[in-house]
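Enquirer: Test case, fold it:
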Amino acid sequence: MDQEVIPKTILNWIDGEECEAITGDTFGKLSPVSGKELGRVARSRVEDVQKAIQVARRAQPAWADSTPVYRGDLLYDIAQAMRKQQEEIASIVSLETGMSFKQALGETGGAIAQGEFMAGEGRRLYGRTTTSAVPNKYAMVVRQPLGVAGLIIAANTPIANVAWKVFPALICGNAAVLKAAEDTPATAWIVGRIAKEVGLPPGVLNIIQGYGEEAGAPLVASPEVDVISFTGSTEVGRQIAEVAGRRLAKVSLELGGKNPLVVCDDADLENAANWVLLSAFSNAGQRCASGSRIIIFDSIYEKFRNLLVERTEKLKVGPGDDDDFGPVINEVQLTNMLSAIERAREKGAVVLTGGHRLTDPAHVDGFYMAPTILENVDPQDEISTKEIFGPITCLYRVQDFAEALNLANDSPYGLTACIHTRSIHRAIEFTQKIQAGVAMVNAGTYGSEPHMPFGGLKQSGNGTREPGTEALDVYSDLKDIYINIDTEML
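Expert: The predicted model follows:
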């Protein structure tokens, strides 16, 4: 794959132009596959963020005054330009994350679909009209933009994360400052380049590179940022909510998950095993919606456990299209995973397969974690209750449906969940009673679509939903309008 698709120095986009950090400082972006430097990245700090915010504030009124249809047409042009450059974008995503080109191409297609869908909302930016109890009085509700949107994304599915936030923020008439994930800076950078090529007005979309504490934190703290949307860990989400809450800023948080996948005694075990492996290990388990708690009925536990272990040990780990998943994003993440497994072992967990870093010649230079399955894990242990964000999953044995549902709900998180069963009764009861923002039947714990709302309960979020039309509620406010008619003037 041609590494030249990534610039030697990945810069900020401010006011429609590329620019270095004010200090000129940079940091290195390493390849998860080889451990070698892919390029240098602008190391922005508070002054760079303030500059981007001021530019966005100047550009926003004219953007808001344009019609939603005009805004939608421009966003549609961006999505179509992304489609024309889909292979280049996918190459960047693949290089930065270590996922295969085939998987990166699919993720890029999903981001384009998100852009196309949200662009169409320019012709459907609905308010409503209603009646009034007062004679000669008319009432209506319209949407209005908030101002400047601060967008902070994660590196796990980088182009999808950009699309999920940028398109709805802009269609509502806001200007945006996007803080790119430090592990996937070029993915955000190329979207800025495409926006300029298409003719998005300067300052409407600004992209800041840098570390979270140096570039993300000033964005959250700025009183001139009207809405903050963050995808990432629950720990950081709490910090953002606290800081933004002091100034009563609007906040959307899409946080972590410890997502249960229940396998009943009447399930199609071959299909269930396929979906467990995809949920637990695809994208190296780096999904907030990954299946990290596999809850299995006792009567089929040994059979299904053996099937999972057998299939897991056949998985191919590497960056190629024929591999099942690639490396994790950086060495710090890998080290944290290994430490979590070791702490679980000390508490009595049994590693059925995996549990180690891959150090053979094909993997030694990259950040590769063996696909790992654990059992004999207490539901209250750290590895059961804290998001690990890697190719690690745990098995739990239950007697029946009631115990499975109780265990599935016994979690600080509530993002996604799935049940495998042939019973319509179990399926309906599970989807109604599971404490999660997304519930699936006979599938995986992931697989959201652009037109559907995504988000979670408990520590998985603060109740907002992105994408879908529900994202419009994040990036706009409602205004009541009343009009009194003087009948003598008729």
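
Enquirer: what ranges do the helices span in the stretch 301-450 of the chain?
Expert: Along the stretch 301-450 of the chain, counting by DSSP state H, counting those that start in this stretch, helices occupy 301-312, 331-346, 382-385, 401-409, 424-433.

Enquirer: Okay, and Ile207 sits in which element?
Expert: Ile207 is located in strand 205-208, with elements delineated by DSSP states H and E.

Enquirer: helices or strands up against that strand?
Expert: Other elements packing on strand 205-208 under the criterion 3 or more C-beta pairs under 8 Å, 6 or more residues apart in numbering; DSSP states H and E are strand 12-14, helix 46-65, strand 175-179, helix 185-198. Heads up, the C-betas are built off the backbone N, CA and C, glycines and all.

Enquirer: Just the residues contacting that strand, thanks.
Expert: Residues outside strand 205-208 that contact it (C-beta atoms under 8 Å, 6 or more residues apart in numbering): 12-15, 44, 48-49, 52, 55-56, 166, 170, 175-180, 188-189, 191-192, 195, 215, 219.

Enquirer: which element follows that strand toward the C-terminus?
Expert: Following strand 205-208 toward the C-terminus (DSSP H and E): helix 217-221.

Enquirer: For that following helix, which helices and strands make contact with it?
Expert: Using 3+ C-beta pairs under 8 Å, 6+ apart: helix 217-221 touches helix 46-65, strand 148-152, strand 227-231, helix 234-246.

Enquirer: could you dump those to JSON lines with mean pLDDT?
Expert: JSON lines is the format used below for those (pLDDT from 0 to 100):
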{"stretch": "helix 46-65", "mean pLDDT": "98"}
{"stretch": "strand 148-152", "mean pLDDT": "98"}
{"stretch": "strand 227-231", "mean pLDDT": "97"}
{"stretch": "helix 234-246", "mean pLDDT": "96"}
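
Enquirer: Would you reformat the ones you listed as TSV and include mean neighbour count and distance to Gly110?
Expert: Listed next are the helices and strands packed on helix 217-221 as TSV, based on neighbours: other C-beta atoms under 10 Å; distance: least, C-beta to C-beta, whole Å:
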stretch	mean neighbour count	distance to Gly110
helix 46-65	19	26
strand 148-152	29	18
strand 227-231	26	15
helix 234-246	17	23
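
Enquirer: Looking at those, which is nearest to Ile485?
Expert: Ile485 sits nearest to helix 46-65 of all the helices and strands packed on helix 217-221, at 27.5 Å, using C-beta to C-beta.

Enquirer: okay, the very next helix or strand once past the closest one in PDB with CA atoms only?
Expert: Following helix 46-65 in sequence order, the next helix or strand is helix 68-84 (DSSP H and E). What follows is helix 68-84, C-alpha atoms only, in PDB (Å, rounded to 0.1, in the frame of the first residue of the first chain):
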ATOM      1  CA  PRO A  68     -30.800  24.000   4.500                       C
ATOM      2  CA  VAL A  69     -31.300  22.900   0.900                       C
ATOM      3  CA  TYR A  70     -28.100  24.700  -0.100                       C
ATOM      4  CA  ARG A  71     -26.200  23.300   2.800                       C
ATOM      5  CA  GLY A  72     -27.500  19.800   2.000                       C
ATOM      6  CA  ASP A  73     -26.400  20.100  -1.600                       C
ATOM      7  CA  LEU A  74     -22.900  21.100  -0.600                       C
ATOM      8  CA  LEU A  75     -22.700  18.200   1.900                       C
ATOM      9  CA  TYR A  76     -23.900  15.900  -0.800                       C
ATOM     10  CA  ASP A  77     -21.100  17.100  -3.000                       C
ATOM     11  CA  ILE A  78     -18.700  16.300  -0.300                       C
ATOM     12  CA  ALA A  79     -20.100  12.800   0.100                       C
ATOM     13  CA  GLN A  80     -19.800  12.300  -3.700                       C
ATOM     14  CA  ALA A  81     -16.300  13.500  -3.700                       C
ATOM     15  CA  MET A  82     -15.500  11.000  -0.900                       C
ATOM     16  CA  ARG A  83     -17.000   8.300  -3.100                       C
ATOM     17  CA  LYS A  84     -14.700   9.300  -6.000                       C
END
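
Enquirer: Next, the angle helix 185-198 makes with helix 68-84.
Expert: Put simply, helix 68-84 runs at 120 degrees to helix 185-198, going by axes from the mean of the first three to the mean of the last three C-alpha atoms, to 10 degrees.

Enquirer: where does the protein dip in pLDDT?
Expert: Residue ranges of the chain with pLDDT under 70: 1-2.

Enquirer: Which residue ranges make up each domain of it?
Expert: In the assignment given by automatic domain parsing, the structural domains of the chain cover 3-255+461-479, 259-441.

Enquirer: Look at the shortest one and report the distance between its end residues.
Expert: Using C-alpha to C-alpha, to the nearest Å, one end of domain 259-441 lies 14 Å from the other.

Enquirer: How far does it sit from its chain's centre?
Expert: 19 Å (C-alpha atoms, centre = their mean, to the nearest Å).

Enquirer: do the same with stretch 216-235
Expert: Taking the mean of its C-alpha atoms, stretch 216-235 sits 15 Å from the chain's own mean (C-alpha atoms, centre = their mean).

Enquirer: All further residue positions should be reported with the first residue as 12.
Expert: New numbering, starting at 12: the last item is stretch 227-246.

Enquirer: returning to what we had before: using CSV, write out the CA atom coordinates for the strand holding Ile218.
Expert: C-alpha atoms of strand 216-219 as CSV (Å, rounded to 0.1, in the frame of the first residue of the first chain):
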residue,chain,number,x,y,z
LEU,A,216,-15.3,23.1,9.0
ASN,A,217,-12.0,23.5,10.9
ILE,A,218,-9.9,20.5,11.9
ILE,A,219,-7.4,20.5,14.7
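
Enquirer: quick one: buried residues of it?
Expert: Buried residues in strand 216-219, counted by 16 or more other C-beta atoms under 10 Å: 216-219.

Enquirer: Run the chain-centre distance for that strand.
Expert: Taking mean C-alpha positions (C-alpha atoms, centre = their mean), strand 216-219 and its chain are 18 Å apart.

Enquirer: what about the closest residue to Ile352 other than its chain neighbours, neighbour count?
Expert: Spatial nearest neighbour of Ile352, chain neighbours left out: Gly366 (5.2 Å); criterion: C-beta to C-beta, 6 or more residues apart in numbering. For Gly366, the neighbour count with other C-beta atoms under 10 Å is 21.

Enquirer: so what's Gly366 up against?
Expert: Counting by C-beta under 8 Å, 6+ apart, Gly366 touches 352, 356, 381, 383, 385.

Enquirer: of all the helices of the stretch 312-461 of the chain, which lies closest to Asn270?
Expert: Closest among the helices of the stretch 312-461 of the chain, once you apply C-beta to C-beta, is helix 412-420, at 9.1 Å.
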